[in-house]
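1. Model the following, please.
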Amino acid sequence: MTTTLAAPSQARHAAPAIPEAINRIPFRKAVSHSLTMAYRGIIKIKHNPEQLFDVTIQPVLFTVLFAYIFGGAIAGSMHDYLPVLIPGILVQTVVLTSVVTGTQLREDMDKGVFDRFKSLPIARTAALAGALMADMVRYGLATVLTIVVGIGLGYRPEGGLGGVALAGVVVVFCSFAVSWIWALVGVTGKSAAGVQGISMMVMFPLTFMSGAFAMVGTMPGWLQGINKVNPIYYMVNTCRDLMNGAGATADLAWSLLGSIGVIAIFAPLAIRAYMRRA
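-> Numbers count the residues shown, from 1 in each chain. Next up, the predicted model:
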């Protein structure tokens with residue numbers, strides 16, 4: 001009888017061993033798992049090309065429309081307006097693309113995709129981190145396409161290839177930081193439609209008042225004051241300076257420091273919320 005009673009007791013203590021082992025996965029393996037999940041996200045984009053509409057159609061449509069509609073009214077001619085427009089629309093396109101991160105994350109959670117990942121012997125944060133890393137490919141594509149369309153319209157950046165490349169890297173990094181905010185909203189939100197609605201309601205005013213399409217100096221004083229705490233404002237100024245030959249300024253430092261701060265605050269919050277739900 002002693003042997004018979006001991007067996008269930010041992011089984012009860014052995015049961016938690018699997019999730020405990022998963023939680024103790026080394027950091028190097030956790031990074032490897034995240035990269036694998038990022039590759040999954042890229043493959044998902046490959047098999048669902050409609051996910052690229054916002055980074056292929058939108059840059060072309062917005063750049064052409066804004067250039068021809070507002071160019072003459074704001075700068076006197078489309079050609080003179082392009083140095084103002086292209087950096088601004090680059091920031092707007094890529095930052096608004098980051099909103100899709102939270103929406104798709106909420107959709108995957110609603111479909112039970114992340115529930116399947118829980119049964120795998122991988123780091124529990126790998127699915128979340130991998131999804132955000134995969135979206136950086138979309139940010140890069142939106143960046144390149146916006147610049148190509150601008151050059152096709154006649155834009156010639158005085159900052160040269162180096163200034164344009166650095167501006168693109170800054171925009172992608174800042175958008176990656178912003179995507180952690182929408183990841184938190186996606187994890188805690190109740191529906192994908194709700195997440196998208198909240199995200200757009202916040203991002204559209206921030207991008208339009210940032211000076212992306214008209215110089216901030218022409219705006220009312222109270223609106224200029226609000227822009228001092230608008231992170232998109234510093235991103236637009238940074239890209240404009242780098243692409244138009246002004247070089248690195250204090251706005252670049254504020255953009256990078258702000259992005260690091262956003263990651264430091266919202267990444268742990270998003271991961272903690274995800275861990276509670278996963």
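2. Val91 is in contact with Val236, isn't it?
-> Yes: checked against C-beta atoms under 8 Å, the pair Val91 and Val236 is within contact range at 5.0 Å. Every residue, glycine included, has its C-beta placed from N, CA and C.
3. Could you tell me which residues touch both of these two?
-> Residues touching both Val91 and Val236 (C-beta atoms under 8 Å, 6 or more residues apart in numbering) are Ser210, Ala212.
4. Kindly export the helix or strand Gly41 falls within (C-alpha atoms) in PDB.
-> Using DSSP states H and E, Gly41 maps to helix 27-47. Output of helix 27-47 as PDB, limited to C-alpha atoms (Å, rounded to 0.1, in the frame of the first residue of the first chain):
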ATOM      1  CA  PHE A  27      18.200  34.400 -22.900                       C
ATOM      2  CA  ARG A  28      20.100  33.300 -25.900                       C
ATOM      3  CA  LYS A  29      17.500  30.700 -26.800                       C
ATOM      4  CA  ALA A  30      14.700  33.200 -26.100                       C
ATOM      5  CA  VAL A  31      16.300  35.500 -28.700                       C
ATOM      6  CA  SER A  32      16.500  32.600 -31.100                       C
ATOM      7  CA  HIS A  33      12.900  31.700 -30.500                       C
ATOM      8  CA  SER A  34      11.900  35.300 -31.100                       C
ATOM      9  CA  LEU A  35      13.800  35.400 -34.400                       C
ATOM     10  CA  THR A  36      12.000  32.200 -35.500                       C
ATOM     11  CA  MET A  37       8.600  33.700 -34.700                       C
ATOM     12  CA  ALA A  38       9.700  36.800 -36.600                       C
ATOM     13  CA  TYR A  39      10.400  34.600 -39.600                       C
ATOM     14  CA  ARG A  40       7.000  33.100 -39.200                       C
ATOM     15  CA  GLY A  41       5.500  36.700 -39.400                       C
ATOM     16  CA  ILE A  42       7.400  37.400 -42.600                       C
ATOM     17  CA  ILE A  43       6.200  34.100 -44.100                       C
ATOM     18  CA  LYS A  44       2.700  35.000 -43.100                       C
ATOM     19  CA  ILE A  45       3.100  38.300 -45.000                       C
ATOM     20  CA  LYS A  46       4.300  36.400 -48.000                       C
ATOM     21  CA  HIS A  47       1.200  34.200 -48.100                       C
END
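5. same for it, what does it pack against?
-> helix 126-153 (3 or more C-beta pairs under 8 Å, 6 or more residues apart in numbering; DSSP states H and E).
6. Give me the helices and strands touching the helix it packs on, please.
-> Packing contacts for helix 126-153, counted by 3+ C-beta pairs under 8 Å, 6+ apart, involve helix 27-47, helix 53-75, helix 78-110, helix 113-118, helix 160-188, helix 250-277.
7. Quick one: mean pLDDT for the third one?
-> Across helix 78-110, pLDDT averages out at 86.
8. For it, enumerate the helices and strands it packs against.
-> Counting contacts by 3+ C-beta pairs under 8 Å, 6+ apart, helix 78-110 packs against helix 53-75, helix 126-153, helix 160-188, helix 192-208, helix 231-243.
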